[in-house]
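Undergrad: model this:
(chains A, B and C)
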Amino acid sequence: MSSTKTNQGYFFEDYSVGQVIDHATPRTLHDGDVAMYQSLYGPRFALQSSWDFAARGSALRNPIMDDLITFHTVFGKTVPDISLNAVANLGYAEGRFLERVESGDTIRSTSEIIGLKENSNGKTGIVWVRTRGFKNFDTPVLEYVRWVMVRKRDASAPAPEPTVPDLAQSVPADALHIPETLDWSRYDFAAAGEAHRWGDYEIGEIIDHVDGVTLTDPEHMMATRLWQNTAKVHFDVTARPDGKRLIYGGHIISMARALSFNGLANAQLIAAINAGAHANPAMAGDTVYAWSEVLDRAETTDPHVGALRLRLVATKGAAGRLRGADGKYLSDVLLDLDYWVLIPR
Amino acid sequence: MSSTKTNQGYFFEDYSVGQVIDHATPRTLHDGDVAMYQSLYGPRFALQSSWDFAARGSALRNPIMDDLITFHTVFGKTVPDISLNAVANLGYAEGRFLERVESGDTIRSTSEIIGLKENSNGKTGIVWVRTRGFKNFDTPVLEYVRWVMVRKRDASAPAPEPTVPDLAQSVPADALHIPETLDWSRYDFAAAGEAHRWGDYEIGEIIDHVDGVTLTDPEHMMATRLWQNTAKVHFDVTARPDGKRLIYGGHIISMARALSFNGLANAQLIAAINAGAHANPAMAGDTVYAWSEVLDRAETTDPHVGALRLRLVATKGAAGRLRGADGKYLSDVLLDLDYWVLIPR
Amino acid sequence: MSSTKTNQGYFFEDYSVGQVIDHATPRTLHDGDVAMYQSLYGPRFALQSSWDFAARGSALRNPIMDDLITFHTVFGKTVPDISLNAVANLGYAEGRFLERVESGDTIRSTSEIIGLKENSNGKTGIVWVRTRGFKNFDTPVLEYVRWVMVRKRDASAPAPEPTVPDLAQSVPADALHIPETLDWSRYDFAAAGEAHRWGDYEIGEIIDHVDGVTLTDPEHMMATRLWQNTAKVHFDVTARPDGKRLIYGGHIISMARALSFNGLANAQLIAAINAGAHANPAMAGDTVYAWSEVLDRAETTDPHVGALRLRLVATKGAAGRLRGADGKYLSDVLLDLDYWVLIPR
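TA: Okay, the predicted model is just below:
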């Protein structure tokens, strides 16, 4: 069969530093997506759950979307161009949420290649990309760096000059975008479900989010398709030797974030992603639990809202430990996400 | 790990008669929820299926939501405060649907403790609550009583003075709320799918709804999360000794109600819930069938619409019997629901 | 139990040539349906994915719905009256998409019996119907012929005079409906994802769509209920001797169409269905692949858009062959669909 018209994905040698890729297809997000997201993860954060809660004293025109809906949509567009031939998704850095996405906004994304380094085996290389998401053509909604290990098409292709970007360990608190469309001064803690304010969280505090969810194949496939993410390992049981479908890492992020409501009900918005690791693959049948550690606190330019830097860990068991004596992630750790949230003071 | 910030749920000794609990999180219902509900149950009642059908001669501003969407949303909010440590959901009474919910309305709910009785084993007790649902802050949309068996945190805690509420056997026909926003005088029986009017149903008549649906885990989990119902037995296979997920009783109510279209296509609205029992647990793999018995008929204040009191029974087999010689529900009975519907005359 | 109020479906002897059946229940399609469709199939065609893309220079008032949403909705309404007692869905012909459906439109459908022929076994017969779908009461959106094999209620009932309609081998290119509400002159190929125009496709060219999706039961049941399709073999594991749920043929059409984006990203609209065969039954666990063959090309009345006649084949394996030496479909062929698409020039 002809394959001249189909996308086989980029291989390592197809990338060059400075290259910018405009990803297809723009996608309008709307109330239907909100309901799907609700069914898939069960979030209870008041700002996205209730239009009244969000609109009280705010300049929002339309319902606000969960920040992870924005993340998945922007990310999904990059898959056909960045990670179709990826072996592994290695990390995230310098993620910042900018203008919030409202129901009816249309999202597109672009990626710039900012680093390349061939592996010593000559068969794969690491690609660093800075991805930017926009709504309504040119309003930035999200940017982040991720790096992936990508196969070479031809092992004999010459290695590029190695370029490894210098990435921040975390997004500085004063670089967090504080939405001007929201008025936090009349925040209703009772309606939101918990009384804990920014000042109630101590650095080093660890919160067990209690509940667990056993994963299924239909749910993660429906989630992944919602974001137009086409990586075949999520859908086709013949793509892996074990006959299992690998679950999109973002599915675990969303599940853990929804579970974290219990103890972090007022952490209404995600402001930044400092780092993230999909420590082990997740499969249908795994039961996901989550816990959080408070890593840092910061004031913001809005006196009614503060920032918490959190580590959100998803595990397959109820384990509270992250790494073994060898410094490696324990085998039941699925996710280690370092991120900033906004929470009323 | 710290648990000072997480909700462990109320135990029996945490309740007192007269206590009122405002449940978090308000939830806006919208077209996205309608589509999820459609996918999960396949309802065909014309009033919710077609905006044109509903709007013809009516004062509706927006599409009307299925009454069970209202029920599940109001109910779901009570779970973290009422039934997180419940052993069993024992019954319903005095349920009345009031103002209809339209797409875009925001729902909240509150519960008042109206009865408490410790069981003789000293380990559990029964809690009666009257739950009220409101839209847009203060418009009542639903009220009902339910009682649940709840664990004690500490078996040595003293038993409260027993208070058992005096509940009506059924909602009297003249207490049914007849929506003023709907005009039934131009009802289109052909478009609705059946010719049977209120007057065509005889007390004692039994209707077999014919079709069956085999349950799956992903579907009931997606349904239960849609209503922000967090009871862990629905999601976590480690929560029960048999490694199975218990299906939310409301999932069976909605499935049976959708099946009942075949024979009750004009029973467009649910007006009241007189009583209900989840007779046996439902699990993935069970095939659900339904039949209805006409228990009573009543005129209403609107000459174009009447009320039918129905028993809706869901079973795992096609059994037409409800109870054995010992008076107990047969093991394949899942649901016995006594409710009032509104149907054109 | 009484069955006087329930629909048992039509049997072969209940039909007569010329008979017109108005199907219940009208159904409003909206953004929620778009999100469900997105989750179930993952389409990436820009015209439906992005309201901005669709609206640019167009006269659309609302987001446009995927043509297959229209097809499934019109088709689903016919099931209780046409195929509840069907043994097999034998074919399609003369399918034309007319006015496009926008979010908020209400769909109804009618079918006219245009042919009847009893089979020689005396137990079944073939029924040909021409189904028409309308939006907002009387605007035609779709028409097509299909024929099904239907059981007789009573084998001794007399056979009708055989009437076999004379159906076109394909819809002539000049009968394709070209939407006036869309302006193709400013089409953005980069945003749409591929550069291939109408003129880039050669008759006889074959395109392998690369990706595969392993089917699950919850997903096809959610899809089928979304269209209010009630055929019990899709839902009830006791309906077939093998204990499996037969997957609605339209689920395979939608899956194959979504996969065909890879190589046919600009085939934005379906204009006609010339013929179609569900060559073998599909079940959960099957992995679906797709390939297309270009059968014909035609200009249209709009100089900016052309028509391609395509054969879309879905298989369970990656087989590129359609039929064996005996002329029969190979056992891993699921779908053979002959249809016209509109694609920018």
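Undergrad: what's the pLDDT at the residue of the stretch 101-250 of chain A at minimum distance from chain C?
TA: Taking C-beta to the nearest C-beta, chain C has its nearest neighbour within the stretch 101-250 of chain A at residue A:225, 3.3 Å off. (Each C-beta comes from the backbone N, C-alpha and C, glycine too.) Among the per-residue scores, residue A:225 shows a pLDDT of 98.
Undergrad: identify the bridge partners of residue A:151.
TA: residue A:124 (DSSP bridges).
Undergrad: contacting residues for residue A:227?
TA: By C-beta atoms under 8 Å, 6 or more residues apart in numbering or on different chains, the contact set of residue A:227 is A:72-73, A:75-76, A:250.
Undergrad: ditto for residue A:340
TA: With C-beta under 8 Å, 6+ apart, residue A:340 has these contacts: A:171, A:173, A:176, A:270-272, A:274, A:298, A:307-310.
Undergrad: most neighbours, which of the residues you listed?
TA: residue A:271 (28 neighbours; other C-beta atoms under 10 Å in any protein chain shown).
Undergrad: so what strands line up beside the helix or strand where that one lies?
TA: For residue A:271, the host element (DSSP states H and E) is strand A:269-277. Using DSSP bridges, strand A:269-277 pairs in its sheet with strand A:86-97 (antiparallel), strand A:333-344 (antiparallel).
Undergrad: okay if I get those strands as CSV plus distance to residue A:255 and mean pLDDT?
TA: Listed next are these as CSV, based on distance: least, C-beta to C-beta, whole Å; pLDDT from 0 to 100:
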stretch, distance to residue A:255, mean pLDDT
strand A:86-97, 17, 93
strand A:333-344, 9, 97
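Undergrad: strands along the stretch 151-300 of chain A, start to end?
TA: A:206-208, A:213-214, A:269-277, A:287-299 (DSSP state E, counting those that start in this stretch).
Undergrad: ok now the first one, how far from the chain's centre?
TA: Same thing as strand A:206-208. 21 Å (C-alpha atoms, centre = their mean, to the nearest Å).
Undergrad: residues in contact with residue A:222?
TA: Contacts of residue A:222 by C-beta under 8 Å, 6+ apart are A:36, A:40, C:39-40, C:219.
Undergrad: neighbour-wise, which of these leads?
TA: residue C:39 (29 neighbours).
Undergrad: any idea how far residue A:27 is from that residue?
TA: Note on residue C:39: its distance to residue A:27, by C-beta to C-beta, to the nearest Å, is 13 Å.
Undergrad: ok, now which ones touch the closest residue to chain B within the stretch 1-150 of chain A?
TA: When scored by C-beta to the nearest C-beta, the stretch 1-150 of chain A has residue A:35 as its residue closest to chain B, at 2.7 Å. Applying C-beta under 8 Å, 6+ apart, we find residue A:35 in contact with B:30-33, B:35-36, B:226, C:32, C:35.
Undergrad: got the residues you listed as TSV, with secondary structure and distance to residue B:326 columns?
TA: As requested, those are exported to TSV (DSSP: H, G, I helix; E, B strand; the rest coil; distance: C-beta to C-beta, whole Å):
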residue	secondary structure	distance to residue B:326
B:30	coil	47
B:31	helix	48
B:32	helix	46
B:33	helix	42
B:35	helix	44
B:36	helix	40
B:226	helix	38
C:32	helix	46
C:35	helix	49
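Undergrad: give the contact list for the residue nearest to residue A:187 when sequence neighbours are not counted.
TA: Leaving aside its sequence neighbours, residue A:187 sits nearest to residue A:344 (C-beta to C-beta, 6 or more residues apart in numbering or on different chains; 4.4 Å). Residue A:344 is in contact with A:184, A:187, A:189, A:197-198, A:266, A:268, A:304-306, counting by C-beta under 8 Å, 6+ apart.
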